[in-house]
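make a model of this:
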Amino acid sequence: MELKPTESELEILQVIWKLGRCTVRDVHEELSQNKDAGYTTTLKLMQIMADKGLVERDTTTKTHVYRALITREQAQTSALDKLMDTVFKGSTGSLVIQALGKHKASSDEIDAIKQYLKQFEN
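Numbers count the residues shown, from 1 in each chain. Reported below is the predicted structural model:
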């Protein structure tokens, strides 16, 4: 299955990954802290996400409970593949140079990147 969550769906997934199993109200309240989101919009998006296989809806109780069916890593891989193809025309080097040139990496992150690159050199 090819995963292609939209930006709004990714925002919802972030909440579900943080909270675990949750209701539409739980997600809506979390999203409302940072943006103006209507409850019915959140509900509709989560219903669409269930249809797409991004989340699972437990309907055994009156209040439906949702859980993510994809991991954060799967979503990151999907988003990165899309970005690589559309923006960087498949060039890993361009992506890395752009990311490191425009965004400050911590010394721990730089050390981790160096260790990762060493694996490819050997």
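
contacting residues for the closest residue to Thr92 other than its chain neighbours?
Leaving aside its sequence neighbours, Thr92 sits nearest to Met84 (Cβ to Cβ, 6 or more residues apart in numbering; 7.3 Å). C-beta: built from backbone N, CA, C; applies to glycine. The contact partners of Met84, taken as Cβ atoms under 8 Å, 6 or more residues apart in numbering, are Gly90, Ser91, Thr92, Leu95.

what does Leu43 give?
Applying Cβ under 8 Å, 6+ apart to Leu43 gives the contacts Val24, His28.

what separation do you get for it and Ala79?
According to Cβ to Cβ, to the nearest Å, Leu43 stands 24 Å off from Ala79.

need the contact partners of the helix or strand Val27 falls within.
Per DSSP states H and E: Val27 is located in helix 24-32. With contact meaning Cβ under 8 Å, 6+ apart, helix 24-32 is reached by 11-12, 15-16, 18-19, 37, 39, 42-43, 46, 63-64, 66.
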